[in-house]
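Student: Whatever this is, show me its structure:
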Amino acid sequence: MLERRTHTAGELRATHAGADVIVQGWAQNVRDRGGVVFIVLRDRYGTVQVTLDERSPEAARETAKKVAQEYVLQVRGTVVERFKPNEDMATGAIEIVAKDLEILSSTKPLPFSVSAAQVDAHEETRLRYRFLDLRRAQLQHNLIARHKATHAARQAFDAMGFLEIETPILTKATPEGARDYLVPSRVHPGQWYALPQSPQLFKQLLMVSGFDRYYQIARCFRDEDLRADRQPEFTQIDLEVSFPTRDVIMEITERIVAAMWKAVLGVEVGEVQRIGFHEAIARFGLDAPDLRFGMEHVDLTEAFAASTFPPVAQALADGGIVKAFVVPGGAEASRKVIDGWTAFVRTYGLGGLMWGKLGDDGLSGPLGKALPEGMGPDAFAALVGASHGDLVLVGAGAASAVHPGLGRLRVAIAKERDMIPADTYVFCWVLDFPMFERDDDGNWQAMHHPFTSPIPEHIPWLGTDKMGEVLTNAYDIVCNGQEIGGGSIRIHSAEVQQKVFEALRIGPDEQQDRFGFLLEALAHGAPPHGGLAFGLDRCVSILTGADSLRDVIAFPKTTSAQCLLTDAPSSVPQADLDVLKVRSTVP
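Tutor: The predicted model follows:
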């Protein structure tokens with residue numbers, strides 16, 4: 001018969017010796033030593049050893065012989081100190097001598113070991129049996145850390161006077177950079193809701209409504225191609241503030257970050273440095289730079305202007321750039337390793353990788369042929385900051401290929417060569433983003449979203465040939481080379497918002513159809529406002545050291561947007577589609 005639990009498996013210590021207790025949980029390990037049975041009982045709080053020997057009633061000892069791994073048990077017994085403590089268990093100073101043992105539930109054969117330090121199953125199997133996978137200590141640790149992070153964020157928001165307000169899940173389709181998930185309306189046949197890619201428009205409306213400090217732990221949905229750091233449904237810590245400066249939003253954000261890192265890791269987040277977008281690209285090739293190690297990029301475009309080496313000369317003739325970085329001690333790298341790095345940068349559009357090793361004979365490798373006339377190895381080494389025994393890697397081509405190619409290679413090499421210090425968290429702000437970028441068809445699109453405010457002095461450039469030079473009041477916060485949050489000061493003028501729409505070739509009819517409610521709100525006394533959204537899943541993955549966002553989400557999707565546990569998405573009976581006035585075109 002189920003009784004009330006008196007203690008969790010992880011809380012018992014030597015101070016509880018002599019106490020009669022009732023604990024419940026799963027049998028993590030069972031050992032029968034010829035009449036003496038040892039059971040390691042586990043719940044989410046920890047583990048404790050249960051012993052059944054001559055001190056236990058015969059009925060309990062007989063029941064113990066039937067117990068297998070992951071059986072659900074209730075144990076009533078007495079806490080006693082162990083003669084030889086187990087230093088590997090938090091509860092290792094004691095054991096429970098069972099007076100009564102009840103099997104509450106048995107189990108079918110397990111598809112993989114729940115108690116093993118390293119799971120011995122393919123990820124698809126783990127996701128199919130996610131209810132078992134979530135029993136593992138690492139995933140439980142991750143979800144507990146997620147709870148601590150969100151709890152700390154809520155406390156910090158409350159201390160700063162924020163209100164937690166929910167916004168709709170069934171809403172209107174708006175362009176925010178990805179495809180919407182659509183939901184057909186039964187009561188309005190032929191019309192559709194969209195699941196929100198973010199609460200962006202609603203939080204702006206809340207500012208117009210006078211709620212000057214809003215936040216939400218918001219569910220968001222984007223129908224886009226997936227990878228390890230993307231999920232079709234994800235969670236943002238969303239915030240918006242009225243009458244802010246950029247610095248106000250950044251200071252609030254830093255307090256939230258500090259609260260989460262302190263609550264989960266006990267780490268103090270110090271001053272967060274600020275880097276301009278163009279500076280980040282120039283130094284690191286990426287707008288989310290990892291500052292935990294060196295190997296910064298050096299621009300050789302001007303210095304190599306006179307180079308006659310065909311790959312360099314052709315790249316510069318086509319309007320490209322030449323950049324380099326130094327791998328300290330990298331002269332030891334084999335040709336096979338360098339060829340692997342060359343293949344790596346080709347995936348980002350670079351034609352190849354020039355390299356040179358600084359040794360006793362000067363600069364060896366193909367890079368020696370690329371030096372302009374009159375530039376010797378010593379001068380080149382001084383230019384790029386290289387020393388004897390270093391390897392210099394150079395990329396030449398279009399900026400759109402050189403920057404990400406070398407930028408990603410820099411990070412990959414740092415990981416390969418163990419150059420990144422462990423348990424270190426380095427944050428930075430990236431500021432002064434361009435407002436627009438070209439899409440694949442050469443048309444202008446918003447780099448962040450179309451509600452981001454341009455800096456005031458660039459507003460007259462909207463719709464002109466200076467569109468590519470317009471900067472925004474946008475800001476991203478980066479930790480260890482990963483963007484964990486981003487936001488901006490918003491457009492609060494209906495006239496400016498219309499100018500942005502026009503610059504993006506969103507005509508008046510489309511403006512009214514898709515954003516009429518926002519434009520109407522902005523025309524009725526909208527305060528200046530701005531905000532930011534954290535990727536909660538990304539933050540927790542950094543806090544826990546998880547390799548994939550799937551390891552910090554309770555029930556994630558695969559990279560093909562499937563839930564293997566529930567077999568979603570799945571087909572729907574035609575009768576249900578008929579009610580929605582929807583027809584499937586798939587046979």
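
Student: phi, psi of residue 443?
Tutor: Here is the backbone geometry of residue 443 (degrees, to the nearest 10): phi -90, psi 150.

Student: Now name the helix or strand holding the spatially closest residue to residue 354 that is not a sequence neighbour.
Tutor: For residue 354, ignoring the flanking residues on the chain, the nearest one in space by Cβ to Cβ, 6 or more residues apart in numbering is residue 394 at 4.2 Å. Where you see a C-beta, it was placed from the backbone N, CA and C, and this is true even at glycine. Take DSSP states H and E as the rule and residue 394 turns out to sit in strand 391-397.

Student: go on, residue 99?
Tutor: strand 94-105.

Student: If we go by neighbour counts, what in that strand is buried?
Tutor: Going by neighbour count (16 or more other Cβ atoms under 10 Å), the buried part of strand 94-105 is 94-99, 101.

Student: got it, and stretch 382-399?
Tutor: Here stretch 382-399 shows 383-386, 390-398 as buried, counting by 16+ other Cβ under 10 Å.

Student: between those, which is nearest residue 251?
Tutor: Nearest to residue 251 among those is residue 385, at 35.2 Å by Cβ to Cβ.

Student: helix/strand/coil for the residue nearest to that closest one when sequence neighbours are not counted?
Tutor: Nearest residue to residue 385 in three dimensions, chain neighbours excluded: residue 326, at 5.9 Å (Cβ to Cβ, 6+ apart). Recorded secondary structure, residue 326: strand (DSSP: H, G, I helix; E, B strand; the rest coil).

Student: Give me the number of neighbouring residues for residue 326.
Tutor: Neighbour count for residue 326, taken as other Cβ atoms under 10 Å: 21.

Student: hang on, the earlier thing: wait, which of the buried residues of stretch 382-399 is closest to residue 180?
Tutor: Distances from residue 180 to those, taken by Cβ to Cβ, are shortest for residue 398, at 32.3 Å.

Student: so who does that closest one touch?
Tutor: 315, 318-321, 349 (Cβ atoms under 8 Å, 6 or more residues apart in numbering).

Student: quick one: it and residue 77, what's the gap?
Tutor: 71 Å (Cβ to Cβ, to the nearest Å).

Student: Same check on residue 124?
Tutor: Distance from residue 124 to residue 77, by Cβ to Cβ: 40 Å.

Student: And those two? Which one has more around it.
Tutor: residue 77 (23 against 11).

Student: is it true that that one touches residue 102?
Tutor: No. Applying Cβ atoms under 8 Å as the test, residue 77 and residue 102 come out as separate, 11.7 Å apart.

Student: List the beta-bridge partners for the residue nearest to residue 354.
Tutor: Here residue 394 shows beta-bridge partners residue 324, residue 354, assigned using DSSP bridges.

Student: all strands for the stretch 251-400 of the chain, in order.
Tutor: According to DSSP state E, counting those that start in this stretch, the stretch 251-400 of the chain carries its strands in the segments 273-276, 298-299, 321-327, 354-359, 362-364, 391-397.

Student: Looking at the ones you listed, spot the one closest to residue 21.
Tutor: strand 273-276 (52.0 Å).

Student: By residue count, what's the longest helix in this structure?
Tutor: Across the chain, the longest stretch assigned as helix under DSSP state H is helix 137-159.

Student: Before we go further, residue 540 is sitting in a helix, right?
Tutor: Yes. Counting by three-state DSSP, residue 540 falls inside a helix.

Student: For it, give me its contacts.
Tutor: Contacts of residue 540 by Cβ under 8 Å, 6+ apart are 142, 145-146, 149, 546, 552.

Student: hmm, try it at 6 Å
Tutor: Residue 540 makes contact with 145-146, 149, 552, according to Cβ atoms under 6 Å, 6 or more residues apart in numbering.

Student: that older thread, buried ones in whichever helix or strand comes after the strand holding residue 99?
Tutor: Under the assignment DSSP H and E, the closest C-terminal helix or strand after strand 94-105 is helix 123-128. Buried residues in helix 123-128, counted by 16+ other Cβ under 10 Å: 126-128.

Student: repeat for stretch 179-195
Tutor: 180-181, 193-195.

Student: what do you get for stretch 16-32?
Tutor: 16, 21-28, 30.
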